[in-house]
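Peer 1: missing the sequence, but the structure's below:
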């Protein structure tokens with residue numbers, strides 16, 4: 001299964017289809033709620049939540065059968081980790097530039113807009129209410145130490161400005177049977193260039209097929 005990131009679509013992971021099919025796998029890609037060809041989510045067209053995306057991943061796996069592997073990029077990695085923690089069946093996981101902890105994104109958002117602690121805390125409370133669960137409980141780090149988690153390969157570039165590399169190190173340190181593959185020199189567009197980076201592609205396919 002291929003799970004794209006926020007604002008993306010299934011075609012963004014299309015480079016993985018041919019090598020995986022040649023390795024003998026059936027590949028299923030889909031658009032998350034309110035993305036590209038999918039119907040709007042429960043909130044409105046163009047809007048969705050991490051919980052809704054995780055439920056979509058779980059639903060697709062339920063529909064088409066247990067996964068040999070799920071490959072997720074950015075938000076897709078976070079949605080996949082949450083779906084697996086809820087029981088989505090997968091033997092292996094590959095996360096490409098996984099989205100970091102929501103606490104970091106809240107801090108960045110409030111700093112860019114000049115919000116103070118009171119507004120930040122209020123925004124955090126509203127997000128908890130909107131999700132129906134604590135926002136920070138949806139982080140990969142929050143579900144990383146489950147003993148029944150499948151083996152994981154994280155692929156990330158230290159140049160990535162959109163999803164800090166340090167969070168991948170944190171995930172791998174906490175996740176049982178996890179490996180970190182570090183790419184080099186992808187620059188300020190590393191978060192997206194990693195999807196077309198041959199060493200990243202080769203590492204992902206090798207891990208899935210091993």
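Peer 2: Thanks, I have the structure now. Here the structure is a predicted model, which is why all the values come from computation and not from measurement.

Peer 1: where's the closest residue to residue 89 other than its chain neighbours relative to residue 145, distance?
Peer 2: Nearest residue to residue 89 in three dimensions, chain neighbours excluded: residue 66, at 3.6 Å (C-beta to C-beta, 6 or more residues apart in numbering). Where you see a C-beta, it was placed from the backbone N, CA and C, and this is true even at glycine. Distance, residue 66 to residue 145, by C-beta to C-beta, to the nearest Å: 23 Å.

Peer 1: check residue 88 too.
Peer 2: Between residue 88 and residue 145 the distance is 18 Å, computed by C-beta to C-beta.

Peer 1: and the residue at minimal distance from the centre of the chain, what pLDDT?
Peer 2: Nearest to the geometric centre of the chain sits residue 77, at 1.5 Å (C-alpha atoms, centre = their mean). Residue 77 carries a pLDDT value of 98.

Peer 1: host element of it?
Peer 2: If you go by DSSP states H and E, residue 77 is part of helix 75-85.

Peer 1: helices and strands around that helix, which ones?
Peer 2: With contacts taken as 3 or more C-beta pairs under 8 Å, 6 or more residues apart in numbering; DSSP states H and E, helix 75-85 sits against strand 2-3, helix 50-64, strand 67-73, strand 90-96, helix 140-143.

Peer 1: and among these, the most buried is which?
Peer 2: Ranked by mean neighbour count, these are led by strand 2-3 with a mean of 27 (mean count of other C-beta atoms under 10 Å).

Peer 1: can you name every helix or strand that that one contacts?
Peer 2: Where contact means 3+ C-beta pairs under 8 Å, 6+ apart, strand 2-3 is packed against strand 29-30, strand 67-73, helix 75-85.

Peer 1: can I get the ones you listed in JSON lines with distance to residue 176?
Peer 2: Below are these laid out as JSON lines (distance: least, C-beta to C-beta, whole Å):
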{"stretch": "strand 29-30", "distance to residue 176": "28"}
{"stretch": "strand 67-73", "distance to residue 176": "17"}
{"stretch": "helix 75-85", "distance to residue 176": "13"}
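
Peer 1: looking at these, which is closest to residue 50?
Peer 2: helix 75-85 (6.1 Å; C-beta to C-beta).

Peer 1: quick one, helices of this protein?
Peer 2: For the chain, applying DSSP state H gives helices covering 17-22, 50-64, 75-85, 102-113, 117-131, 140-143, 165-174, 190-193, 198-209.

Peer 1: for residue 166, which non-adjacent residue is closest in space?
Peer 2: residue 100 (7.9 Å).

Peer 1: measure the one you found to residue 164 for me?
Peer 2: On the measure of C-beta to C-beta, residue 100 and residue 164 end up 5 Å apart.
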